[in-house]
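Novice: need a structure here:
(one chain, ligands or ions: 1)
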Amino acid sequence: MTDTEPAAPVRETAESIATMEIRGAATIASAAAEALAEQAEAAAEEAESDPAAFRASMRGAGRTLRETRPTAVSLPNALRYVLQRMEGDTVDELRRSVVGAADAFVRQLDRAQDDLGQVGANRLADGDTVMTHCHSTDALACIEAAVDQGKSISAVVKETRPRQQGHITAEQLRDAGVPVTLIVDSAARRYLDEVDHVLVGADSIAADGGVINKIGTSGLAVNARERGVPIMTAAQTIKLHPETLTGHTVEIEMRDEEEVIGSEAREEIGEIEVENPAFDVTPPRYMDAIVTEQGQFPPESIVTLMRELFGEGAAEPWAEP
Ligand SMILES: O=C(COP(=O)(O)O)[C@H](O)[C@H](O)COP(=O)(O)O
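Specialist: From the prediction side, this is the model:
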């Protein structure tokens, strides 16, 4: 580890987030917090009795993690939570504050998911069928809590091109005892007549109530509205994007074209423009409810909760002073 290079656990976590071995907004946040705790242990050895060197090393680790993926705000929110609680006069005090904050963050994340699962489950009735998109641990928590409440729930799971995260959702729901039908994305509208709810997660929620989630969510929401099927987003409050309070927009990640068209097909077709946006924005008017650990909200009212939780703005404690 040098001045500019974070310790191995941070480098490995950053690489795993960038390559999507670690993926999904909540999982990314929790991995980032844990990586900061490991950095604190390594930096304490390296910095010995130099608190300024310790702080610089933690900021560097924060920057490395921040640069991995741009859209899920849970990542910078996790870094903010941990680094803003870094305090003390000695390296050991600083180390303990970071490790303690990372641990508290991860526990809070788990508790929030359990709590929002209960809220989401209350919206589901015995015998309901739910359509899902992508793989969201917050959304799955709602279905699993409904099953725990003794409700019989079935699922229609969208495959979710290009990376097919729907396969993970299908597997996990099946293992939770939920009968699952896997469909291709373009079959969604046809199956909307057979479902009672659409349930998705979120990578970020904007101050106007717009929901940023896996590409295809907005089209699904428009179709659900047209068919009269309620659609809800399950999202812990770490998905609230503080920068949107001051007019910033959420960056939509553009991923490699290789995910859309493999090299063989590319060779056959020849030169052609390919774009691969990983997320899209569902306007608040197409979303019925945002389910959080603090209860459910109409999308347009989420700004009140956002001001309460993030009113002080979006600090960047990883930035160079
Ligand atoms: O869009 C995705 C994952 O995208 P990717 O696979 O590109 O990371 C998920 O719906 C949200 O991240 C919410 O997930 P969770 O509820 O687990 O935070």
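Novice: where are the low-confidence patches of the protein?
Specialist: The model of the chain has pLDDT under 70 over residues 1-4.
Novice: Mind giving me the packing neighbours of the biggest helix by length in it?
Specialist: The residue-count maximum for a helix in the chain (DSSP state H) belongs to helix 91-122. Here helix 91-122 touches helix 25-47, helix 51-66, helix 74-83, helix 137-148, strand 231-234, strand 289-292, strand 295-297, going by 3 or more C-beta pairs under 8 Å, 6 or more residues apart in numbering; DSSP states H and E. For glycine as for every other residue, the C-beta is placed from the backbone atoms N, C-alpha and C.
Novice: Specify the angle between the following helix or strand past the shortest one and helix 74-83 in degrees.
Specialist: Meaning strand 295-297. Where DSSP states H and E defines the elements, the next helix or strand beyond strand 295-297 is helix 302-310. Per axes from the mean of the first three to the mean of the last three C-alpha atoms, to 10 degrees, the angle that helix 302-310 makes with helix 74-83 is 30 degrees.
Novice: CA atoms only: put helix 302-310 into PDB for me.
Specialist: Extracted C-alpha coordinates of helix 302-310, given in PDB (Å, rounded to 0.1, in the frame of the first residue of the first chain):
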ATOM      1  CA  ILE A 302     -40.400  11.600  -0.700                       C
ATOM      2  CA  VAL A 303     -38.600  15.000  -0.800                       C
ATOM      3  CA  THR A 304     -39.800  15.700   2.700                       C
ATOM      4  CA  LEU A 305     -38.100  12.500   4.000                       C
ATOM      5  CA  MET A 306     -35.000  13.400   2.000                       C
ATOM      6  CA  ARG A 307     -34.700  16.900   3.500                       C
ATOM      7  CA  GLU A 308     -35.100  15.400   7.000                       C
ATOM      8  CA  LEU A 309     -32.400  12.800   6.400                       C
ATOM      9  CA  PHE A 310     -30.000  14.600   4.000                       C
END
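Novice: how about it: buried residues?
Specialist: Ile302, Val303, Leu305, Met306, Phe310 (16 or more other C-beta atoms under 10 Å).
Novice: For the residue of the stretch 201-321 of the chain found nearest the ligand, grab phi and psi.
Specialist: Using C-beta to the nearest ligand atom, Gly201 is the residue of the stretch 201-321 of the chain that sits closest to the ligand, at 3.0 Å. Gly201 adopts backbone torsions of phi -100, psi -160, taken as degrees, to the nearest 10.
Novice: Excluding sequence neighbours, find me the nearest residue to it.
Specialist: Ser136 (2.4 Å; C-beta to C-beta, 6 or more residues apart in numbering).
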